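*Asks:* the following comprises the amino acid sequence and a computationally predicted model.
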Amino acid sequence: MMMNKKYIGKINILCLLCITSLLFSGCVNQHPEDQGNSKTKTEIVNIDTMLEITDPEEKAAVEAARAKVAAMNKEPRIIATSPATADICDKLGLNLVGVCKSSVSDIPKRYKKVKKIGTAMSPDMEIVASLSPDWILGPSSLQEDLQPKYEEINTEWAFLNLKSVQGMYRSIQELGVIFGKEDKAQKLVDQFSRFYKSYQNKNKERKSPKVLILMGLPGSYVIAMPNSYVGSLVELAGGENVYSDNSQEFLTVNTEDMKKKEPDVILRAAHALPDQVIKMFQKDFETNDVWKHFDAVKNKRVHDLTYDRFGMSATFNYPEALEELQPLLYPENES
C-alpha cells in the first residue's frame, strides 16, 4: 500500500512485487534450465511468512498513520474510489462518506445511500473535495493518474496493492491497523490462510502449462504479466506465464514474438466492455493468419475468462477465479 508521505517523510508502505515474488518463487520452479518445456512445483512458502510485515520503514509508516487517525478523536471521513476498495472497506466495517459508481461491478449494500463521486478511473474531484475526506483509498494501478489530484486537496490518501491476492490481504492487514479494525482484518487473513493451505497442494505434482494471457480493450490488446492481477492468479494456479518480466503489469508484443513462446494455453481477458472485447478477439483469431499456427489454437486451448472474476484488481471472489482456471490449465485431470 502506498500512502500520503507528507507526515511520515519519504517512507513508502510497500505491499508490492516483493510479496508476489515470494509467493511465486515458492510455487514455481525458478530454474527452468533444469527442465524441459514445462515446470513442476517445488517448495511451498509458509503463508504466515508470506504476509508478515517485517520491513521497519513499512511498520513505521503504518504506525504513524494509525497514530494520526487515533489523534483525530472522531470517525475518519473515508472515500473509496473503486469497487474492489469499497469491498475491502465493507469487510472491515468502515463507514464511507463517498464511494465510486460502477455499471459493471456491485457496490456493497451498506454504501447504497453514500454520495457517489464518479467512476474509479475518473472521480469528480469537485464532489470529492466537497466531502472533506480525511482519507481517500483506491487501487495502486491508478496512482499515477490520481495522486496529483489528491495532492491538491487537504487529505490523506493510500493506494492499495490489488495486483495479487496476497497483496490485497497485506493491504487489509495494514488498513486494519490504521483504522482500528485489527480483529476484522485478522479474520479475513485467517480465511485466506485456510484457503491457501488447502489449495497450495492442489497442483503440486502437475506440470505447469505455459500460458499466454491477453488483456483486451475494444480495438486492441496487451500481454498480461505476472505482476497483473490475472497474471498473479494464473501463477497462483501453477501456470507458467510465457512473459515473466515482473517489472511491468502489461506489455505490447507482436504476434510473431508470441508464436516464438509457443504457449500451451491462451487466455483472453477484458479490461472493460467484455462483450465487445470477446467479439474483437474472435474476429482477430479468425482473420489473423498467424493465430492458426499456434499449438494452443490447434489444440483448442484458447479460452475467454469471465469478466467479473478476472478484472484489474484483486477481489474476494478469487476462489471462484481459481476454480475457473483449473480445467483450463489442467484439462487432463478434470472430468
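*Replies:* Nice, I can see it.

*Asks:* and stretch 178-185, how far out from the chain's middle?
*Replies:* Remark: stretch 178-185 is offset 21 Å from the chain centroid, using C-alpha atoms, centre = their mean, to the nearest Å.

*Asks:* state the pLDDT value of the residue nearest to residue 72 when sequence neighbours are not counted.
*Replies:* Using C-beta to C-beta, 6 or more residues apart in numbering and skipping residues adjacent in sequence, the residue nearest residue 72 is residue 134, 6.9 Å away. (Glycine included, C-beta is placed from N, CA and C.) For residue 134, the pLDDT comes out at 97.

*Asks:* repeat for residue 39
*Replies:* Each residue has a pLDDT score; the one for residue 39 is 48.

*Asks:* going forward, begin numbering at 49 instead of 1
*Replies:* In the new count, where the first residue is 49, that last one comes out as residue 87.

*Asks:* am I right that residue 342 is in contact with residue 307?
*Replies:* Yes. Taking contacts as C-beta atoms under 8 Å, residue 342 lies within contact range of residue 307: 6.2 Å.

*Asks:* so where's the stretch 99-248 of the chain shaky on pLDDT?
*Replies:* Within the stretch 99-248 of the chain, not a single segment meets pLDDT under 70.

*Asks:* what segments of it are strands?
*Replies:* Secondary structure of the stretch 99-248 of the chain by DSSP state E, counting those that start in this stretch: the strands cover 126-128, 146-147, 163-164, 183-187, 204-208.

*Asks:* in CSV, list the ones you listed along with distance to residue 219 and mean neighbour count.
*Replies:* Formatted as CSV, these follow (distance: least, C-beta to C-beta, whole Å; neighbours: other C-beta atoms under 10 Å):
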stretch, distance to residue 219, mean neighbour count
strand 126-128, 13, 27
strand 146-147, 18, 24
strand 163-164, 23, 14
strand 183-187, 9, 26
strand 204-208, 4, 25
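
*Asks:* among the ones you listed, which comes closest to residue 103?
*Replies:* Smallest distance to residue 103 across the strands of the stretch 99-248 of the chain (C-beta to C-beta): 16.3 Å, for strand 204-208.
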